[in-house]
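1. sequence first, then the predicted structure:
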Amino acid sequence: MKRAQVIDLLAKLTEEYANIDISDPEVDRLYENLKDFPFDVACENVRQHMLTNPWPPKIAQIRGGAGDQREKGRAKSQTTDYFAERDKARAAAKPVPPGWKEELYARLNKGTAAR
């Protein structure tokens with residue numbers, strides 16, 4: 001995020017919250033903590049916050065749990081990979097040969113009779 005985008009974000013916040021500090025030191029502080037964060041995600045997180053919270057968001061709320069979002073994306077990717085593997089296994093599956101089950105039962109019964 002660029003410094004100008006931090007100012008835009010503060011402008012959105014001042015529309016909803018009256019007591020927002022828009023001084024240069026506050027812009028610098030927010031920029032330092034948000035410069036590595038995407039502006040569009042921050043805007044969406046602020047929008048969601050304004051819909052549900054009467055107090056201004058903190059930096060962590062603007063970031064919206066970025067670690068949780070990354071973990072959610074990683075888990076979604078792993079799940080997609082798992083289901084792709086299951087689909088391949090299903091396509092390669094073959095029915096059990098005739099008589100296999102009966103042969104297995106016979107072997108098992110033979111083993112229990114010997115005890």
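-> On my side now, so go ahead.
2. which helix or strand contains the residue nearest the centre of the chain?
-> Here the mean C-alpha position of the chain is nearest to the C-alpha of K72 (CA atoms, centre = their mean), at a distance of 2.1 Å. Element membership for K72, per DSSP states H and E: helix 66-92.
3. quick check: mean pLDDT of that helix?
-> Averaged across helix 66-92, pLDDT comes to 87.
4. residues in contact with P38?
-> By CB atoms under 8 Å, 6 or more residues apart in numbering, the contact set of P38 is M1. Just so you know, the C-beta spots here come from the backbone N, C-alpha and C atoms, and that holds for glycine as well.
5. got the phi/psi numbers for it?
-> phi -70, psi 130 (degrees, to the nearest 10).
6. roughly how far apart are it and M1?
-> For P38, the distance to M1 (CB to CB, to the nearest Å) stands at 7 Å.
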